[in-house]
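> sequence unknown, structure follows:
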């Protein structure tokens, strides 16, 4: 009887094993394989990754793989996650969850040159949505490009976030439609002026002189605009070319845009004169780099006779009454205009 009972017990245990098999632990993944698991989960739009890893790995090491997986897909891992884990001896079973805020779409920049190119392309293409990211922030590069190219500045702002992203934002004083229309009108007007006023037989210096003369003849300096707080047409290429009124930033912006249409490299220089902050142009003419200040030539003008006191002059000459940070406005910066073509 006892032997029969033992047989029944053994048989029962066998039936239990058949119905409820002992779970087999999945193979522990290497860090590289964990990164691949994260990549596949992100690509497939899943909200979690499930895997087994060696218990010797720390959670920080695991999350570093998540950061790498995000980077491979032009995403920035923000640090948001959920984690469940079960430890089985020397192995740990992980379930890493992704929240809505776990990733941000970014364009990564790996050098200052790449940042310059990205900033100029964003300005010209009115790209106010791309979030840029780099291990070393190039926020200052984006700010400098905006200063050097006021032809795209309609009270535009450079922003940066605590997560390390940065980029351009539109002015809050203009609607998207208003700004787009102003920029298109300025572009169209500049192209028409260049087509009508210039010809292929002219040298670059002759072309610049014609453009200088056009601004002095067709745009008035607004002496009444003493204090500027926010957006003003006079600060823009649109106000200068289409409404024919400007202050120094407007003249500089319009001259940049006209020079670009003529195929000549020109940037704005932001500096100071005796009356305060001031901007003018720095251009490439052949192998020379010269300064042009349309604003001062305009304000020196009496009657119809044009002035050329500040047309195509050297840095030494203009430095007699203009000051600026020469490290921020160099021939190398002028050469970056190639990214606008």
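Done, it's in. Bear in mind that the values here come from a model prediction, so they are computed numbers and not experimental data.

> contacts, neighbours, all on C-alpha from now
Will do.

> any idea where the strands of the stretch 1-150 of the chain begin and end?
48-54, 75-77, 82-88, 91-97, 103-105, 107-108, 132-133 (DSSP state E, counting those that start in this stretch).

> before we move on, what about the stretch 201-341 of the chain?
Ranges of strands in the stretch 201-341 of the chain, per DSSP E, counting those that start in this stretch, are 220-221, 245-246, 266-273, 276-285, 288-292, 323-324.

> can you list these in CSV and add distance to residue 70, mean pLDDT and mean neighbour count?
CSV is the format used below for the strands of the stretch 201-341 of the chain (distance: least, C-alpha to C-alpha, whole Å; pLDDT from 0 to 100; neighbours: other C-alpha atoms under 10 Å):
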stretch, distance to residue 70, mean pLDDT, mean neighbour count
strand 220-221, 52, 96, 20
strand 245-246, 47, 96, 26
strand 266-273, 37, 98, 23
strand 276-285, 42, 97, 20
strand 288-292, 44, 98, 20
strand 323-324, 42, 98, 16
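
> could I get these as a markdown table with distance to residue 173?
Supplementary listing: those in a markdown table, determined by distance: least, C-alpha to C-alpha, whole Å:
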| stretch | distance to residue 173 |
| --- | --- |
| strand 220-221 | 23 |
| strand 245-246 | 19 |
| strand 266-273 | 23 |
| strand 276-285 | 23 |
| strand 288-292 | 31 |
| strand 323-324 | 29 |
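
> residue 337: which of those is closest?
Among these, strand 266-273 comes nearest to residue 337, with 7.2 Å by C-alpha to C-alpha.

> list the helices and strands that closest one packs on?
Packing partners of strand 266-273 (3 or more C-alpha pairs under 8 Å, 6 or more residues apart in numbering; DSSP states H and E): helix 139-148, helix 248-261, strand 276-285, strand 323-324, helix 331-335.

> quick one, which of the ones you listed is packed in tightest?
helix 248-261 (a mean of 27; mean count of other C-alpha atoms under 10 Å).

> now the angle from it to helix 139-148?
Counting by axes from the mean of the first three to the mean of the last three C-alpha atoms, to 10 degrees, helix 248-261 lies at 90 degrees to helix 139-148.

> need the strands of the stretch 1-150 of the chain in TSV with mean neighbour count and mean pLDDT, can you?
Compiled in TSV, the strands of the stretch 1-150 of the chain are given as follows (neighbours: other C-alpha atoms under 10 Å; pLDDT from 0 to 100):
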stretch	mean neighbour count	mean pLDDT
strand 48-54	19	95
strand 75-77	23	95
strand 82-88	12	94
strand 91-97	18	96
strand 103-105	18	94
strand 107-108	18	95
strand 132-133	24	96
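
> who wins for proximity to residue 169 among those strands?
Here strand 132-133 is closest among these (C-alpha to C-alpha), at 12.4 Å.

> nearest to residue 51, of the strands of the stretch 201-341 of the chain?
Residue 51 lies closest to strand 266-273 among the strands of the stretch 201-341 of the chain, at 54.4 Å (C-alpha to C-alpha).

> tell me the contacts of the closest residue to residue 246 other than its chain neighbours?
Leaving aside its sequence neighbours, residue 246 sits nearest to residue 234 (C-alpha to C-alpha, 6 or more residues apart in numbering; 3.9 Å). By C-alpha atoms under 8 Å, 6 or more residues apart in numbering, residue 234 lies in contact with 222, 240, 245, 246, 247, 249, 250.

> ok, those vs residue 148, which is closest?
When these are compared for distance to residue 148 (C-alpha to C-alpha), residue 249 wins out at 10.4 Å.

> any idea how far residue 247 is from the nearest residue to that closest one once chain neighbours are set aside?
Distances taken as C-alpha to C-alpha, 6+ apart place residue 235 nearest to residue 249, at 5.1 Å, with adjacent residues excluded. Distance of residue 235 to residue 247, computed by C-alpha to C-alpha, to the nearest Å: 6 Å.
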